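**Student:** Sequence first, then the predicted structure:
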Amino acid sequence: MNETEFATHEWWETYKETVNSDPEMKVRGHDRFDANFYVQIGDERVLVEMDGGEIADLVPNPTMNHRWQFGVEGDREAWEEFVREVPPAFNHEIIASHYRSAVRNEEGHLKLTGDNEVIFQNLRPFQRTLELMRVAHNDGGS
């Protein structure tokens, strides 16, 4: 288990290293993933700027001067469930979680926002990038 508290500066840096060293991000077209997205955990937002399947930069509290195509939002509890080594049903994967929020109006799940076309054009690498949050959290990026 990672000793770093979830979503702290140190945690985000471990996450960045995990994504940037992941072999899968360099295959199956993931190296063309250039869409910027934000992650909102409760009231805290971090912009993830992607370049060629790697995180170029992490921007805490992005402003109107920053650009993103889509985002994923949830309360802290939903994110803490998502990054667990074995997450509960419907918080294990972004589409299942979003379905529970957007279609079934259930609380406690993650929700996608932004340009749906860009989300689905980049779904596989985006999903992998989110899965790597779990790796960074539980393995410390190793």
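**Tutor:** Arrived safely. Residues are numbered from 1 along each chain as shown.

**Student:** quick one: low-confidence parts of the protein?
**Tutor:** 1-3, 140-142 (pLDDT under 70).

**Student:** Mind doing that once more with 50?
**Tutor:** Residues of the chain that meet the criterion pLDDT under 50 lie in 1.

**Student:** tell me, which helix in it spans the most residues?
**Tutor:** helix 123-139 (DSSP state H).

**Student:** starting at the chain centroid, how far to it?
**Tutor:** In this view, helix 123-139 has its centroid 7 Å away from the chain centroid, taken as CA atoms, centre = their mean, to the nearest Å.

**Student:** Distance check, the most far-flung residue of the chain relative to its centre against residue 120.
**Tutor:** Going by CA atoms, centre = their mean, the residue of the chain most distant from its centre is residue 104, 21.8 Å out. As judged by CB to CB, to the nearest Å, residue 104 and residue 120 stand 20 Å apart. The C-beta positions use only the backbone N, C-alpha and C, and glycine is treated the same way.
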